[in-house]
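S.K.: coords please:
(one chain, ligands or ions: 1)
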Amino acid sequence: MPRYAGVLDMGRGILMLKKAIAVVTSGGDSPGMNAAARAVVRTAVYEGVEVYGVHNGYSGMVHDDIEQLTSRSVSDLIQRGGTFLGTARSKSFMTPEGRKVAFENLRKHGIEGLVIIGGDGSLTGGSLMSRETGMPIVGLPGTIDNDVWGMDYTIGCDTACNTIVDAINKLRDTASAHRRIILVEVMGRHSGWLAMMSGIAGGAEYILVPEVAFDLEEISIELQEMYERGKRYSIVVVAEGAGSAIEIGKIIGEKTAIDTRVSVLGHIQRGGSPTVEDRIKASMLGEKAALAVISGVNDVVFSFNEGQVVSVNLFEAVNNKKTLDPELVRLSRVLA
Ligand code: F6P
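M.R.: Numbering: from 1, shown residues only. Sure, this is the predicted structure:
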């Protein structure tokens, strides 16, 4: 189990050590990033601390695209997917020189601490900048992948799962009508979490994930036998990290001689209005992160684990690989 820095109980009466902080969204966007950023801004304003927004991720930090925000800056946002600040990947920020320019730009505005909302790549970049420049950094896991070590939640994963399950529900209708096998490719980069959760929730017959070996010969024989026993259709969820659903679908179609189709969901999984879970959890984490960075906390990522807000050491979070819960893998087999 990960070593937590402990659940921080950041009361309101904390000694404010910082006068100005900033928030940046980086890497792939996710539904709920706006709710988190909104909570960071509103918490800083509530505490009487100046708050700045960095536009377009680390690229904006390197190019000094930094703007002071007010409570009104984050109106009409909680229900919106994406990120009002914008996000972008930055080659220059991947160099120590680029990170130094970014740090100097932050200091130009008097910024003394930074909240980073992003995936493991963005949190890694932030950790490097913090170690190289001394800029206090607090991270929030903004990614639909749910692939950050030390936590069982990332901002946007619940919304993405619901988007995928909605797609599976629709695909079940047409697969049944035509007696087809339909493969659904989902995101998750190298993690199978999105595929596993949405596959179980969507009632998929098979869920192919990078963490678990699978045999297409065996799967095809089983699909054929189910079909011959009268089963009308099958859904196979494929995590992008496990392979191309188009290629896998071709193999299954040939081996089973059953009409087979493929849907690659793509970036629809990244959009949409965040669910209540993502809005509430992102808001809670945004407040925690703002209070922490204002009070001088550094090098931690806040998230949830087993229902509790936890703070995980940033370096550990980005340098450990999160594994897929074997209980979910077992359950998916029982229910298939
Ligand atoms: O990390 C989030 C994610 O959506 C992954 O699941 C996916 O593989 C990747 O981003 C896609 O990146 P891009 O938006 O740059 O195509």
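S.K.: From now on I want contacts and neighbour counts done on CA atoms only, so please keep to that.
M.R.: Fine.
S.K.: what ranges do the strands span in the protein?
M.R.: Here the chain has its strands, by DSSP state E, at 20-26, 50-54, 66-69, 113-118, 137-141, 181-186, 206-208, 234-239, 260-264, 300-305, 308-313.
S.K.: The ligand: which of the ones you listed is closest?
M.R.: The ligand sits nearest to strand 181-186 of all the strands of the chain, at 7.9 Å, using CA to the nearest ligand atom.
S.K.: Hey, what's the angle from the closest one to strand 260-264? Just curious.
M.R.: Interaxial angle, strand 181-186 versus strand 260-264 (axes from the mean of the first three to the mean of the last three CA atoms, to 10 degrees): 10 degrees.
S.K.: The closest residue to Ile168 other than its chain neighbours: neighbour count?
M.R.: Counting by CA to CA, 6 or more residues apart in numbering, the nearest residue to Ile168 once its immediate chain neighbours are dropped is Gly202, at 6.0 Å. Applying other CA atoms under 10 Å, we find 21 residues neighbouring Gly202.
S.K.: Make 288 the starting number, not 1.
M.R.: Yes, from this point I'll number from 288; that puts the last item at Gly489.
S.K.: and the gap between Gly489 and the ligand?
M.R.: Gly489 is 19 Å from the ligand, where distance means CA to the nearest ligand atom, to the nearest Å.
S.K.: Now for that residue: which residues touch it?
M.R.: 452, 455-456 (CA atoms under 8 Å, 6 or more residues apart in numbering).
S.K.: on that earlier part again, which of the strands of the chain has the highest mean neighbour count?
M.R.: strand 424-428 (a mean of 31; mean count of other CA atoms under 10 Å).
S.K.: That strand packs against which elements?
M.R.: For strand 424-428, the packing partners by 3 or more CA pairs under 8 Å, 6 or more residues apart in numbering; DSSP states H and E come out as strand 400-405, helix 407-420, helix 563-581, strand 587-592.
S.K.: so what does the third one touch, helix or strand wise?
M.R.: Applying 3+ CA pairs under 8 Å, 6+ apart, we find helix 563-581 packed against strand 307-313, helix 320-333, strand 400-405, strand 424-428, helix 444-465, strand 587-592.
S.K.: what's the answer for the second one, then?
M.R.: For helix 407-420, the packing partners by 3+ CA pairs under 8 Å, 6+ apart come out as helix 383-395, strand 400-405, strand 424-428, helix 601-606.
S.K.: just so I know, which of these lies nearest Glu334?
M.R.: Each of the helices and strands packed on helix 407-420 has some distance to Glu334 by CA to CA; the shortest is strand 400-405, at 14.6 Å.
S.K.: Sheet partners, orientation included, of that closest one?
M.R.: According to DSSP bridges, strand 400-405 forms sheet pairs with strand 307-313 (parallel), strand 424-428 (parallel).
S.K.: any chance of those in CSV, plus mean pLDDT and distance to the ligand?
M.R.: Listed next are the strands paired with strand 400-405 as CSV, based on pLDDT from 0 to 100; distance: least, CA to the nearest ligand atom, whole Å:
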stretch, mean pLDDT, distance to the ligand
strand 307-313, 98, 10
strand 424-428, 97, 11
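S.K.: now the ones you listed as TSV including distance to Tyr514?
M.R.: Formatted as TSV, the strands paired with strand 400-405 follow (distance: least, CA to CA, whole Å):
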stretch	distance to Tyr514
strand 307-313	46
strand 424-428	42
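S.K.: Contact partners for the closest residue to Val310 other than its chain neighbours?
M.R.: Sequence neighbours aside, Val402 is the residue nearest to Val310 in space, at 4.7 Å (criterion: CA to CA, 6+ apart). Contacts for Val402 (CA under 8 Å, 6+ apart) come out as 308-311, 424-427, 576-577, 580.
S.K.: of all the residues you listed, which two lie farthest apart?
M.R.: Farthest apart among the contacts of Val402 by CA to CA are Ile308 and Leu427. That separation is 14.8 Å.
S.K.: burial count for the nearest residue to Ala577 once chain neighbours are set aside?
M.R.: Distance criterion CA to CA, 6+ apart; nearest residue to Ala577, sequence neighbours excluded, is Val327 at 5.1 Å. Using other CA under 10 Å, Val327 is surrounded by 28 other residues.
S.K.: got it, and Lys457?
M.R.: Residues lying near Lys457 (other CA under 10 Å) number 11.
S.K.: And for the one 3 residues further on?
M.R.: The burial metric for Asp460, expressed as a neighbour count using other CA under 10 Å, is 12.
S.K.: Tell me how far it lies from Arg519.
M.R.: 11 Å (CA to CA, to the nearest Å).
S.K.: Quick one: residues contacting the residue of the stretch 288-437 of the chain found nearest the ligand.
M.R.: Ranked by CA to the nearest ligand atom, the top residue of the stretch 288-437 of the chain for proximity to the ligand is Gly315, at 4.8 Å. By CA under 8 Å, 6+ apart, the contact list for Gly315 reads 374, 405-406, 430.
S.K.: Just checking, which of those comes out lowest on pLDDT?
M.R.: Within those, Gly406 has the lowest pLDDT, namely 94.
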